[in-house]
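Colleague: Below is the sequence, then the predicted model.
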There are 2 protein chains.
Amino acid sequence: HQGKQEPTMQFLLEVVEILTNYVRKTFDRSTKILDFHHPHQLLEGMEGFNLELSDQPESLEQILVDCRDTLKYGVRTGHPRFFNQLSTGLDIVGLAGEWLTSTANTNMFTYEIAPVFVLMEQLTLKKMREMVGWPGGEGDGIFSPGGAISNMYSVMIARYKFFPEVKTKGMAAAPRLVLFTSEHSHYSIKKASAALGFGTENLILLNTDKRGRVIPADLEAKVIEAKQKGYVPMFVNATAGTTVYGAFDPINEIADICEKYNMWLHVDGAWGGGLLMSRKHKHKLNGIERANSVTWNPHKMMGVPLQCSAVLVREWGLLQGCNSMCADYLFQPDKQYDVTYDTGDKAIQCGRHVDIFKFWLMWKAKGTVGFEQHIDNCLDLSAHLYNKVRNREGFEMVFDGEPQHTNVCFWYIPPSLRGLPDGDERRESLHKVAPKIKAMMMESGSTMVGYQPQGDKVNFFRMVISNPAATRSDVDFVIEEIERLGADL
Amino acid sequence: HQGKQEPTMQFLLEVVEILTNYVRKTFDRSTKILDFHHPHQLLEGMEGFNLELSDQPESLEQILVDCRDTLKYGVRTGHPRFFNQLSTGLDIVGLAGEWLTSTANTNMFTYEIAPVFVLMEQLTLKKMREMVGWPGGEGDGIFSPGGAISNMYSVMIARYKFFPEVKTKGMAAAPRLVLFTSEHSHYSIKKASAALGFGTENLILLNTDKRGRVIPADLEAKVIEAKQKGYVPMFVNATAGTTVYGAFDPINEIADICEKYNMWLHVDGAWGGGLLMSRKHKHKLNGIERANSVTWNPHKMMGVPLQCSAVLVREWGLLQGCNSMCADYLFQPDKQYDVTYDTGDKAIQCGRHVDIFKFWLMWKAKGTVGFEQHIDNCLDLSAHLYNKVRNREGFEMVFDGEPQHTNVCFWYIPPSLRGLPDGDERRESLHKVAPKIKAMMMESGSTMVGYQPQGDKVNFFRMVISNPAATRSDVDFVIEEIERLGADL
């Protein structure tokens, strides 16, 4: 049997060779970020690379070619000039952790088959709760497949806290419940309202100031209005680090209102939670210790490989109460070890991927101070970017003042538009600028930065910095590249 | 910068060395499956292995030790004698695929950042739908973080199909809806009923025959009863391969009833879906082509590394309709490529882990015929096991007849209980036998097999075979090991 396995083990080592070359090239600025092709081109089949599956096996040599081509036509998210997503960069220790995780190939639902990982999760969650500021790190939590599911958990748990009978009797057992979140918040709160049976119309959007932060008075007014209609305000989401502006809602003021009207306070810190690791920046989350639950994605600002998202809950027992179904065919109470370590019945999942190890390993390797350094660096870089573009000719900021997070939002105004007066014509033209520049960026493979419209604002660039490989010169490069590509638009 | 990275690249290669040694030892039968320790022992810290996180970094040498220790105190789920879960084994090509995936470190939500993976997912889902039997492989689908979430999708989509206004108005916009599933079905259907706002009381459990298969007449009777009460029967889950018995519900007869009463038919083939790849065994899923949606986890019967689960939907557009929130700040319509390839707005997640690549790569390497061979082998092995224990002294089958899937369920009766008459005393004693033997198995590290009670049946062993490394002699070993460990109970 072992003789039979050797060729495949050899194959595995050849894949490692491909992967380490890929990693080395990714960090090399002369490498293109991507080699763009349209879907139909890849589907028609590039030379020697056929995506179709067939009945008969391919040789391991061909599989190696497939691996190379998969990387060749993909996007190098670890490249120092990749600024497209909230999750960027490639941490080697995190990567090693993920390779170990897939080699261990196990599941988080019981201590029985994941003893070490289950304990690592527990200790790490406790540490995160300490950083949130809950006394003694008490409380509960779970790692989930991404921030959207973590946010969904928070809504479920809030409902269970106030109306536990919904679990057995359905939404008919509750009055008309309303939820509140900022118009700038992540769409996952809306997805949760739809999925969990609240209905998106019962999610009330809150006005924000020009920097994208919730206006607390608007929350209170809308709570009162909902109550006057006979609805029951139940849940408020405050965002710590919005997707586009990187805004931090004023948590303390929101918490006051939540306490006054007996509502659940969730803080969506998927993007901004990492700042809790920085002594310099954590004040932006002041009041988070008053939250009932918190979402925090180490795979964003902290550079942990995808996926790694936690939902933290202040009150112990709610997660279990909300989700447990007591399936004794899965979670046997009569095991020889302390079965309170089995996590399966806390989850809405059954099997659950091991997302903890890479994070734990990075924390060991960096220490808290290492994460802090990374975060402070990223914020310094974005301050550099902000200072660079705010008075630069041809650039216009989307909002005034230094960004709270690493999000820097700006328009590039090509020379041809600079003379135009504000109005529909200019707006329509400007709306097309960012997509055109982005397309050229992707076709040249030089850099990647996201763009989007927001409310009544036409398409603008949102540059975010979470990439540990990025330096000032990379940030400078992007600005010059935008100018180069957009000069003739 | 590159000079700075070299020590970490060297570290990565040393981790690879640790991992490949681990894999080789895993396939060696003289290696223990686990080195069992209680939670408090691991928490107190084994020699040189401290789970606690600290402020200061550790050296890369210590990180290597941590990696070794993590594996040392874990469970070898790829060991030829690991039969504890539905997901077992370690496929090297799949593992290579997962290593590549984590190196690429990207996200499934847009073609922009995952062009190759998005297309692989699309082609693979189509192939799976062809195997389900939907004409031309038409329809829709998505990979999700496990069977429980896939099943949750099916309930959401069914609700959207019949009562689309629930998305905006909540459950108040629908009449009292009821769902049906077998008393032997997976608890995720119940979790979905609770989470989505139906309430677990509105999930009606169906009686099964002695083999654990739904009795269609019971479904029809309960549908009629629900209608008489004024409720609206909406959704039926038929299981293809139940967790404990491995039973296949009679899909065609259930489909007849679903058509007659206009209900959504979901087939939970998380465990049994793989049999669609076997010409010999796929008849067990006859009628699946009449389902409206199907869950199928390649990470179970097909040996794909965790996690890999698909939900397939017959009607195109429902997934998008149900889940889209049109967040144009995330999914820009004005990109240079065909944005219908962006999958993000179909999902309840935002970011989504790349689960497709390892599966696609294994399919390339094995061909459909390779999966077929693996599945046929596992079913042959379980037939061998069944034949071995059914008339063996000291063993008693939980149900009569050859199992439909690889689940073989049996009691071991220690000599001390063999003379006892059936009754409470024998039942109580027998209930403790499997947990005791299991504990001894884990302490000796020789093998792992699951046990559980079911309905009024006391704890019994459920042995499942999905491990490609297992042979007849491994199956024989387990039986003899149970006899050895249980002889003096």
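Modeller: Nice, thanks for sending it over.
Colleague: contact partners of stretch A:343-351?
Modeller: A:107-110, A:118, A:121, A:140, A:142, A:144-145, A:149, A:152-153, A:156, A:319-320, A:323-327, A:330-331, A:352, B:87, B:145-149, B:152, B:186-188, B:191, B:195, B:299, B:306-307 (CB atoms under 8 Å, 6 or more residues apart in numbering or on different chains). Any C-beta I mention is one placed from the backbone N, CA and C, and that applies to glycine too.
Colleague: Please see if stretch A:428-437 touches chain B.
Modeller: Yes. Against chain B, stretch A:428-437 shows contacts by CB under 8 Å from any CB of the partner chain at A:Lys432, A:Pro435.
Colleague: Now for the residue nearest to A:Pro298 when sequence neighbours are not counted, how many residues are close by?
Modeller: Spatial nearest neighbour of A:Pro298, chain neighbours left out: A:Val304 (4.1 Å); criterion: CB to CB, 6 or more residues apart in numbering or on different chains. A:Val304: 30 surrounding residues under other CB atoms under 10 Å in any protein chain shown.
Colleague: on that earlier part again, any chance of a PyMOL selection covering the buried ones in the contacts of stretch A:343-351?
Modeller: Buried subset of the contacts of stretch A:343-351, written as a PyMOL selection, criterion 16 or more other CB atoms under 10 Å in any protein chain shown:
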select buried, (chain A and resi 107+108+109+110+118+121+140+142+144+145+149+152+153+156+319+323+324+325+327+330+331+352) or (chain B and resi 87+145+146+147+148+149+152+186+187+188+191+195+299+306+307)
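Colleague: List phi and psi for the residue nearest to A:Pro298.
Modeller: Dihedral pair for A:Val304: phi -70, psi 140, per degrees, to the nearest 10.
Colleague: Please apply the same query to the one 3 residues further on.
Modeller: Backbone torsions of A:Gln307, given as degrees, to the nearest 10, read phi -110, psi 150.
Colleague: Could you pull up the residues touching it?
Modeller: If you count contacts by CB under 8 Å, 6+ apart, then A:Gln307 has A:Pro145, A:Gly146, A:His299, A:His353, A:Asp355, B:Gly351, B:His353 around it.
Colleague: One more: A:Asp268?
Modeller: Counting by CB under 8 Å, 6+ apart, A:Asp268 makes contact with A:Gly147, A:Asn151, A:Ser154, A:Ser185, A:His186, A:Ser188, A:Ile189, A:Asn237, A:Ala238, A:Thr239, A:Ala240, A:Thr295.
Colleague: now, among those residues, which is nearest to A:Ala226?
Modeller: Among the contacts of A:Asp268, A:Asn237 lies closest to A:Ala226 (CB to CB), at 15.1 Å.
Colleague: tell me which element the nearest residue to that closest one once chain neighbours are set aside falls in.
Modeller: Leaving aside its sequence neighbours, A:Asn237 sits nearest to A:Thr181 (CB to CB, 6+ apart; 4.1 Å). Using DSSP states H and E, A:Thr181 sits in strand A:177-182.
Colleague: Could you name the helices and strands sitting against that strand?
Modeller: helix A:188-195, strand A:203-206, helix A:216-228, strand A:232-239 (3 or more CB pairs under 8 Å, 6 or more residues apart in numbering or on different chains; DSSP states H and E).
Colleague: and those as TSV, adding mean pLDDT?
Modeller: Formatted as TSV, the helices and strands packed on strand A:177-182 follow (pLDDT from 0 to 100):
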stretch	mean pLDDT
helix A:188-195	97
strand A:203-206	98
helix A:216-228	98
strand A:232-239	98
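Colleague: Show me how chain A divides into domains.
Modeller: A:2-31+A:35-74, A:107-353, A:364-486 (automatic domain parsing).
Colleague: what about the first one, average pLDDT?
Modeller: Think domain A:2-31+A:35-74. Averaged over domain A:2-31+A:35-74, pLDDT sits at 93.
Colleague: And for stretch A:100-111?
Modeller: 96.
Colleague: right, is it up against chain B?
Modeller: Yes. Applying CB under 8 Å from any CB, one finds stretch A:100-111 in contact with chain B at A:Leu100, A:Ser102, A:Thr103, A:Ala104, A:Asn105, A:Thr106, A:Asn107, A:Tyr111.
Colleague: Please tell me how far the first one sits from A:Lys358.
Modeller: The one in question is A:Leu100. According to CB to CB, to the nearest Å, A:Leu100 stands 8 Å off from A:Lys358.
Colleague: Show me which of those two is the more surrounded one.
Modeller: Neighbours were counted for A:Leu100 and for A:Lys358 using other CB under 10 Å; A:Lys358 has more, 27 against 24.
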